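Q: Here is a sequence together with a model predicted from it:
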Amino acid sequence: AAVLGAGDQAVVDHLVGRGDEVQVMSAAGGGRPGAAQIAEMFDVVLIAPSSNGASVGEEFRNAAVPVVTWDPATLGVDRIGLCDSTTTLGFQGSINVRNNRHSITLGMPVGVVEMYSPVGGMSFGNGNLAHGATYLATRVGATGDQAIMAAESGAELLGGHVAPARRLFMFLGNGFGGSTGACEALVSGAVDWAAQYAQPRVVSHPADVTLPEGSTMALSVQARGSSLVYQWYRGGAAMQNGARVSGATNGTLVVTGLESGDEGEYYAVVTNACAAVRSNTAVLTIGCPCDWNASGGINSQDFFDFIAAFFESNADFNSDGATNSQDFFDFIGCFFSGC
């Protein structure tokens, strides 16, 4: 739809909140790129329910891009091809997880798992099912109604169709606005599986920081992927935990009692069995952070320069990734304390 419903917008908000870049397009087309072009532009396509579901399913049938859909109209034999019949019901709160060995459901208990609170609408696939798909969960009390269906690239789907990329149907309906943590984990797992986000991907980098001697520095990196291992480096040398250093092998590095010799460049390398990725470099400067113009002293010009930067949204004093009122309060506290 041109404007997403509340449940579908909640899916977008969830993905953006975990670091994904999401672009919303109208199912009706109207100037959006076609399936072939979208396949070249994006890692994965998510299809929410719309009045154009059938035509969208036909359009993406042969698109070489992973597809995650919760629009039942996309599933037919001449569309995505996972099943040829569907059921949509209201007042649903749980699904029955039947396979918890797949990466999407890994770690979930087998049996009834609450997805929505309060309850909401869910859709299920049934009828003739694709032989090449894997069925992970069903409607509670109805084992023929499939809640999660996944197919690998190359899998045989209905009508002899071969999946050109990974295909996944989920039950989401319109209830994600009331999703539980388990439901959010399923959506994250579905997108990660479809897009093959197993290798590490840094979604939040450490930021440059200026701190006075004797204070504490905390640098953080956030990454996505499975079985991640972290290692922080300073000046190209791997760091180790010690009397003043902790977190050298996790997502947040902490150095206490800062000294002039701690100045320099810091970065993290995130590794798993698939690959290793490096974060951006953060520079630590030992000095007074409220010496905003780096003149070597604190005076009224620092205050005026900070205020100008603040109203340009370029005054992330506390290095939390955003310029807001807390930066103003933190700067004022530093300024009037003389650092």
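A: Happy to help now that I have it.

Q: Residue 161 against residue 75, yeah?
A: No. The criterion here is C-beta atoms under 8 Å, and residue 161 misses it with residue 75 at 11.9 Å. All C-beta spots, glycine's among them, are computed from the backbone N, C-alpha and C.

Q: Mutual contacts of the two, please.
A: residue 81 (C-beta atoms under 8 Å, 6 or more residues apart in numbering).

Q: Between those two, which has more neighbouring residues?
A: Taking other C-beta atoms under 10 Å, residue 161 and residue 75 do not tie; residue 75 has more neighbours (28 against 20).

Q: quick one: residue 117 from residue 315, how far?
A: Per C-beta to C-beta, to the nearest Å, residue 117 is found 40 Å from residue 315.

Q: Show me which of the two is the more surrounded one.
A: Remark: of residue 117 and residue 315, residue 315 carries more neighbours, 19 against 13, as counted by other C-beta under 10 Å.

Q: who's in contact with the more buried one?
A: Each residue near residue 315 by C-beta under 8 Å, 6+ apart is listed here: 306, 309, 323, 327-328, 331.

Q: please redo it, this time with the cut-off set to 10 Å
A: Shown in contact with residue 315 (C-beta atoms under 10 Å, 6 or more residues apart in numbering): 292, 305-309, 323-324, 327-328, 331.

Q: Just the buried ones from those?
A: Buried by 16 or more other C-beta atoms under 10 Å: 292, 305-306, 309, 323, 327, 331, out of the contacts of residue 315.

Q: Return the distance of residue 27 relative to residue 35.
A: 12 Å.

Q: Which residue of those two possesses the greater neighbour count?
A: Higher neighbour count among residue 27 and residue 35: residue 27, with 21 against 17, using other C-beta under 10 Å.

Q: Was I right to think the more buried one contacts residue 58?
A: No. In this structure residue 27 lies outside contact range of residue 58 using C-beta atoms under 10 Å: 11.8 Å.

Q: And the helices in the stretch 51-200 of the chain?
A: 53-59, 181-195 (DSSP state H, counting those that start in this stretch).

Q: again with the stretch 201-339 of the chain
A: Assigned by DSSP H, counting those that start in this stretch, the helices in the stretch 201-339 of the chain fall at 300-310, 325-337.

Q: for the ones you listed, which one sits closest to residue 157?
A: Closest approach to residue 157 among the helices of the stretch 201-339 of the chain is made by helix 325-337 (51.7 Å; C-beta to C-beta).

Q: which helices and strands does that closest one pack with?
A: Under the contact criterion of 3 or more C-beta pairs under 10 Å, 6 or more residues apart in numbering; DSSP states H and E, helix 325-337 touches helix 300-310.

Q: Can you check which residues contact both of residue 27 and residue 58?
A: Shared contacts of residue 27 and residue 58, defined by C-beta under 10 Å, 6+ apart, comprise residue 74.

Q: Compute the distance between residue 258 and residue 297, please.
A: Counting by C-beta to C-beta, the gap from residue 258 to residue 297 is 20 Å.

Q: Comparing those two, which residue is more hemmed in?
A: Taking other C-beta under 10 Å, residue 258 and residue 297 do not tie; residue 258 has more neighbours (18 against 9).

Q: what about the more buried one, distance to residue 190?
A: The spacing between residue 258 and residue 190, counted by C-beta to C-beta, is 43 Å.

Q: which intervals of the stretch 101-250 of the chain have sub-threshold pLDDT?
A: Along the stretch 101-250 of the chain, the parts satisfying pLDDT under 70 run over 198.

Q: Tell me which stretches of it form strands.
A: Secondary structure of the stretch 101-250 of the chain by DSSP state E, counting those that start in this stretch: the strands cover 111-114, 120-129, 134-139, 142-151, 167-170, 201-204, 209-211, 217-220, 222-224, 229-234, 237-238, 245-246.

Q: Mind giving me the packing neighbours of the last one?
A: This points to strand 245-246. Applying 3+ C-beta pairs under 10 Å, 6+ apart, we find strand 245-246 packed against strand 252-255.

Q: Could you list the buried residues of the strand it packs on?
A: Buried positions in strand 252-255, judged by neighbour count with 16+ other C-beta under 10 Å: 253-255.
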